[in-house]
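Peer 1: missing the sequence, but the structure's below:
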């Protein structure tokens, strides 16, 4: 629902990375450009790493330049002016808590990456993670610790309900976050706060989509050449953008439908198509491209054998799993591959290859499980985890061309797995990665064959 009042109301976002500034902030900017000033955007971060960016944004009064690039190479530049408040980071998150607990704050959204929810294959919190363990003792390193502080203050001040909107690439992201938050409160023994959260918050699912590479100095140079503005913190993304949100807000919302956001009853078919077709194929191309010495996603997409891996995965296994669908899945597949092939985006394999231990169970294992369940052999899908397995071997041997970044990587356990007497069987045995098929003989056989196929393919490159 939209609010029948003049406002202004605050939308607080946690996570100051490029994606938010190229996506949610852009939509809110467009709404303000259309004359709707009911909502303002506040931006903060849970961790200290984005403090230089927040300081630069503060110097620019929240304004920054968005560069978008079409698959045909057309560059466009727009000054985004939706951020009215930069929340400075401090170790206790005092300023963030104050903003989140304010009466005018009605939506709190967040982008903390797939790994930032610390959920196992049963969607239970991984309490062995040191950051989560610290937050269970009162720290504020994770989304749960930060929101615990915000919601506690909000409840104490009787400031009313708030929508908590997960904008990460996590299947059923609102539900998964909400389950995790309530588990966190239960583990802390916070029964009263949990009851308050149940009544006074909503967590709609949503699907977000815009390829947004990590910023490089060349973006700042292009922005200055095109606009004359020396923007300290510009952001670049592809021209394509999509946001599908369940219309289940508890304290009102901006009229996002007026600027192209799809407000729906259920995001499920859009979400499944995006996660399995776009996100999984993206990882496929990143792992494969890295293994043959490429740097960027578009380079791998233009290698016929890599493109065919992604195409076969979607065509042979995903489309049968997701049919029938309200989307034209074949057309969506083709649009996605065309987007990946955009040479102007310069999206790095390092960025997309990250967080494999979250992406395997989130993006790829569901298709494997569903195929086996219906009696089909998911040979095309198995190539993706086989690529990741060989990628991990390179990582363990110190032969990757970049530092592998993974929020839940257990380096010692992964090295032990790769050094096991039967490392492929050990890889296949982890239920956190594979769910119901973990350790099943037919899965192990398929992975042996798939790793052999990957190694055979590499020998031809």
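Peer 2: Structure received. Because the structure is predicted, anything quoted here is derived from the model rather than measured.
Peer 1: and the strands in the stretch 101-250 of the chain?
Peer 2: Counting by DSSP state E, counting those that start in this stretch, the segments of the stretch 101-250 of the chain that form strands are 105-110, 162-166, 201-202, 206-209, 235-238, 242-246.
Peer 1: so which of the ones you listed comes closest to residue 430?
Peer 2: Evaluated with CB to CB, these place strand 162-166 nearest to residue 430, the distance being 25.2 Å. (Glycine included, C-beta is placed from N, CA and C.)
Peer 1: and the strands of the stretch 101-250 of the chain: which comes nearest residue 85?
Peer 2: Once these are compared by CB to CB, strand 105-110 is nearest, at 10.3 Å.
Peer 1: mind listing the strands that closest one pairs with, and their directions?
Peer 2: Using DSSP bridges, strand 105-110 pairs in its sheet with strand 9-14 (parallel), strand 162-166 (parallel).
Peer 1: mean neighbour count, those strands: which tops it?
Peer 2: strand 162-166 (a mean of 25; mean count of other CB atoms under 10 Å).
Peer 1: now that one and strand 242-246, what's the angle there?
Peer 2: Orientation of strand 162-166 against strand 242-246 (axes from the mean of the first three to the mean of the last three CA atoms, to 10 degrees) gives an angle of 140 degrees.
Peer 1: make residue 1 into 811 and carry on from there
Peer 2: Shifting the count to begin at 811 puts that one at strand 972-976.
Peer 1: residues contacting strand 972-976, please?
Peer 2: Residues lying outside strand 972-976 but in contact with it, judged by CB atoms under 8 Å, 6 or more residues apart in numbering, are 910, 915-920, 957, 961, 964, 983-984, 986-988, 991, 1010-1016, 1055, 1059-1061, 1063.
Peer 1: avg pLDDT for stretch 932-946?
Peer 2: Per-residue confidence for stretch 932-946 averages out to 93 on the pLDDT scale.
Peer 1: same question, stretch 1229-1238
Peer 2: 98.
Peer 1: what does stretch 1192-1205 give?
Peer 2: For stretch 1192-1205, the mean per-residue pLDDT is 98.
Peer 1: check the offset of it from the chain's centre.
Peer 2: The chain centre lies 21 Å from the centre of stretch 1192-1205; the measure is CA atoms, centre = their mean, to the nearest Å.
Peer 1: buried sites along that stretch?
Peer 2: 1192-1203, 1205 (16 or more other CB atoms under 10 Å).
Peer 1: what about residue 1093, which SS state?
Peer 2: Classification of residue 1093 by DSSP: H, G, I helix; E, B strand; the rest coil places it in helix.
Peer 1: what about the strands in the stretch 1061-1210 of the chain?
Peer 2: Counting by DSSP E, counting those that start in this stretch, the segments of the stretch 1061-1210 of the chain that form strands are 1072-1074.
Peer 1: where does it dip in pLDDT?
Peer 2: Across the stretch 1061-1210 of the chain, nothing is flagged by pLDDT under 70.
Peer 1: if we use 90, what do you get?
Peer 2: The model of the stretch 1061-1210 of the chain has pLDDT under 90 over residues 1136-1137, 1154-1156.
Peer 1: show me the contacts for residue 1245.
Peer 2: With contacts taken as CB under 8 Å, 6+ apart, residue 1245 has the following neighbours: 931, 1171, 1175-1176, 1179.
Peer 1: try residue 856
Peer 2: Under the criterion of CB under 8 Å, 6+ apart, the contact list for residue 856 reads 824-825, 903, 906, 922, 950-953, 956.
Peer 1: among those, which one lies nearest to residue 854?
Peer 2: Looking across these and measuring by CB to CB, the closest to residue 854 is residue 906, at 4.6 Å.
Peer 1: apart from its neighbours in sequence, what residue is nearest that closest one?
Peer 2: Here the nearest residue to residue 906 in space, its sequence neighbours aside, is residue 854; by CB to CB, 6 or more residues apart in numbering that works out to 4.6 Å.
Peer 1: wait, doesn't the one you found sit right on residue 899?
Peer 2: Yes. A contact is recorded between residue 854 and residue 899 when judged using CB atoms under 8 Å, the distance being 7.1 Å.
Peer 1: identify the contacts common to these two.
Peer 2: In the contact map built from CB under 8 Å, 6+ apart, the residues linked to both residue 854 and residue 899 are 864, 905-906.
Peer 1: mind checking which of these land in strands?
Peer 2: In this view, those have no member that belongs to strands under DSSP state E.
Peer 1: highest neighbour count among those residues?
Peer 2: The most neighbours of any of the shared contacts of residue 854 and residue 899, using other CB atoms under 10 Å, belong to residue 906, which has 25 neighbours.
Peer 1: tell me how far it lies from residue 826.
Peer 2: As judged by CB to CB, to the nearest Å, residue 906 and residue 826 stand 11 Å apart.
Peer 1: joint contacts of the two?
Peer 2: Going by CB under 8 Å, 6+ apart, residues that sit against residue 906 and also against residue 826 are residue 854.
Peer 1: hang on, the earlier thing: between the strands paired with strand 915-920, which one is closest to residue 1000.
Peer 2: Among the strands paired with strand 915-920, strand 972-976 comes nearest to residue 1000, with 15.8 Å by CB to CB.
Peer 1: residue 917 contacts residue 1059, correct?
Peer 2: Yes. Counting by CB under 8 Å, residue 917 touches residue 1059, with 7.0 Å between them.
Peer 1: how about the contacts made by the residue nearest to residue 1180 when sequence neighbours are not counted?
Peer 2: The shortest distance from residue 1180 to any non-neighbouring residue, by CB to CB, 6+ apart, is to residue 1131 (4.8 Å). Taking CB under 8 Å, 6+ apart, we find residue 1131 in contact with 1086, 1176-1177, 1180-1181.
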